[in-house]
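Visitor: mind looking at a prediction? Sequence and model below.
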Amino acid sequence: MALDTATAKADPPLPPGEAEPRRRLKRFSGSRLGGLILALNLLSLLILFVGALLLNEWQRGLIESRQETLVAQAELLANVLADKEYTVGEPMPQFNVEKVPLLLLDNFIPAGQRARLFDLDGLLVADSYALTEEIPGQALPPARPAGSPVPPPAPKVETRNAARLEEARSALAAEVEQALAGEPQSTLRRSESGDRVVSVSIPVRHVQQVLGVLTLEAGDVDETLSAQRRALMPFALVALAVNLLGSLLMHLFVARPVMRLSAAADEVRLQRARAISLPDLEGRKDEIGDLARSLETMTETLSDRMDAIEAFAADVSHEIKNPLTSIRSALETLPLVKTPAQREKLTNLLQQDVRRLDRLITDISNASRLDAELNRDRPRAIDLTQLLAEIVGVYEAGVKPGEAHVTFTAPAGDRVPVMGRDGPLGQVFRNLVDNARSFSPPGGTVRLSLVRDDLDPDRPIRVRIDDDGPGIPPENLETVFERFYTARPRGTAFGANSGLGLSIVRQIVEAHGGRVTAANRVDGDGGVVGARFEVALPMVPTSGRRT
């Protein structure tokens, strides 16, 4: 219903001299907030990933380093054990069970390691834990008071310990058996106490004969890995801090601004404000700033539309009251009329007012539906040359004697495509032609011409409507496009024009991104020889043309 407000359209016209704002790319990489959120999340994940990768690599390197060290130690001890000093018997030598244990004393085996020697049958010959003066294992619990009952062992714990012990012995036996076949073994397995140990088993050879297997174990793997996990904690704490920082930034820069926008929208809804205005958000260069600016523009447009609707309602009320007042006066006067001639004159006046009122209601109804009609149809490429030719053809087919003729000139053999809606655009040129014909002298000519003017690259398509009428007063060249403005020549039927035709023309043209202007045509002496209305429209880009 609002005639002076900007209708919803794909590309609204911009004020002269104002450049079109750069549109953001509709992709994730063009999002500032999206990029910040993604970067923070990736950073936290990267920290954890690097920490885990370093942990795995270090663990693997640690195990390999321990295995290499144990292999070197085991080979050295195996070479010593194969010496005649530690073997007896010819030609089938065996370990000297009296001297071999002396070699495996604590001063030969580093702390945290265990050495065991097995004979050719897989039987244990010597164990460094059995030779040490230290007692391996965990410290005993404190003594109970005298006379306190002994708590029975938990069946599940005993069963679990027995299963663990059996599993450890089986793994060790399998390792020794494979080493007795002549192949050195390096494994990571569980010990009898349940700890993980790096174990190597080296065959002890006397010349080519295998005398037994030397097994070396390092039981500090779990302790070293625990220290490594503790070293990973800073990475986890940094990742946690990054996530907390990201959450805080999300709250400060996204959640709170959106809540403020929501509260501002509620104020507009509750009519405590006419428009959203949050300058600190509108200055932001991210999506929140875009949203704030869009909401402010939307509410300002709605506010302008409301003002325009109020002004339109006031204008309609004023225009309708005039004929109604005239009708009421005529009806009050009618009983007082005595002669038939006066009665007929008063009746004619009533008929004119009724026709004027009918024309006003029709034009007001058409104007109020214009916004909906413009929003209902999607713009498409229209051949303006063909549209104007069809309109002129209809006028020429129905011309009556004494009415002005309508002619049309256009570039020969050239399509002029514009993006728009053929119905509203056709109404624009019909209103302009009707207005020009109403001011033309009897038998005159209204000339339509379609030209291209590159002086305005944004609106190069120009449609000019020239007439031979009295022209337009210079002070009214802009006023003629206002609602209910009428300045008709003498002799025009009263009430035949509502003053909405040119207002509708401007609204439709601006909805299509164009501009309409009025001017007077002058001759060589400066005299006015007629009026000219010019409609400037944008041209369809080459990539957007349709056949």
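Guide: Perfect, thanks for sending it. Predicted, not measured: the structure shown is a model, and the values here were computed from it. Numbering: from 1, shown residues only.

Visitor: helices of the stretch 151-300 of the chain, start to end?
Guide: 155-180, 221-250, 256-269, 279-282, 287-333 (DSSP state H, counting those that start in this stretch).

Visitor: got those as TSV, with mean pLDDT columns?
Guide: Below are those laid out as TSV (pLDDT from 0 to 100):
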stretch	mean pLDDT
helix 155-180	82
helix 221-250	77
helix 256-269	82
helix 279-282	76
helix 287-333	80
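
Visitor: okay, the ones you listed in TSV with mean neighbour count and distance to Val509 next?
Guide: (Each C-beta comes from the backbone N, C-alpha and C, glycine too.) Shown next, in TSV, are these (neighbours: other CB atoms under 10 Å; distance: least, CB to CB, whole Å):
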stretch	mean neighbour count	distance to Val509
helix 155-180	14	90
helix 221-250	14	46
helix 256-269	14	31
helix 279-282	14	31
helix 287-333	15	17
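
Visitor: relative to Ala404, which of the ones you listed is closest?
Guide: Closest approach to Ala404 among these is made by helix 287-333 (27.5 Å; CB to CB).

Visitor: what angle separates that closest one from helix 256-269?
Guide: 10 degrees (axes from the mean of the first three to the mean of the last three CA atoms, to 10 degrees).

Visitor: let's have the helices of the stretch 151-300 of the chain in TSV, adding distance to Arg196.
Guide: Formatted as TSV, these follow (distance: least, CB to CB, whole Å):
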stretch	distance to Arg196
helix 155-180	11
helix 221-250	5
helix 256-269	51
helix 279-282	58
helix 287-333	52
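
Visitor: between these, which gets nearest to Gln113?
Guide: Of all the helices of the stretch 151-300 of the chain, helix 221-250 sits nearest to Gln113, with 11.5 Å by CB to CB.

Visitor: chain neighbours aside, what residue packs nearest to Ile391?
Guide: Phe429 (5.5 Å; CB to CB, 6 or more residues apart in numbering).

Visitor: looking at it, the one you found is touching Leu384, isn't it?
Guide: No: assessed by CB atoms under 8 Å, Phe429 is found out of contact with Leu384, at 9.4 Å.

Visitor: what do the two both touch?
Guide: Jointly contacting Phe429 and Leu384 under the rule CB atoms under 8 Å, 6 or more residues apart in numbering are Val463.

Visitor: more neighbours, these two?
Guide: Leu384 (24 against 20; other CB atoms under 10 Å).

Visitor: look up how far Pro335 lies from that one.
Guide: Counting by CB to CB, to the nearest Å, the separation of Leu384 from Pro335 is 58 Å.

Visitor: returning to what we had before: contacts only, for the residue nearest to Ile391.
Guide: Phe429 makes contact with Leu387, Leu388, Ile391, Leu448, Val463, Ile465, Val535, according to CB under 8 Å, 6+ apart.

Visitor: from those, which ones fall inside strands?
Guide: If you go by DSSP state E, the contacts of Phe429 have Leu448, Val463, Ile465, Val535 in strands.

Visitor: now the angle from the longest helix seen in the chain to helix 155-180?
Guide: Looking across the chain with DSSP state H, the single longest helix is helix 32-81. Angle of helix 32-81 versus helix 155-180, following the same axes, to 10 degrees, is 60 degrees.

Visitor: and the next helix or strand after helix 32-81, what does it pack onto?
Guide: Sequence order places strand 87-88 as the next helix or strand after helix 32-81, per DSSP states H and E. If you count contacts as 3 or more CB pairs under 8 Å, 6 or more residues apart in numbering; DSSP states H and E, strand 87-88 packs onto strand 94-95.
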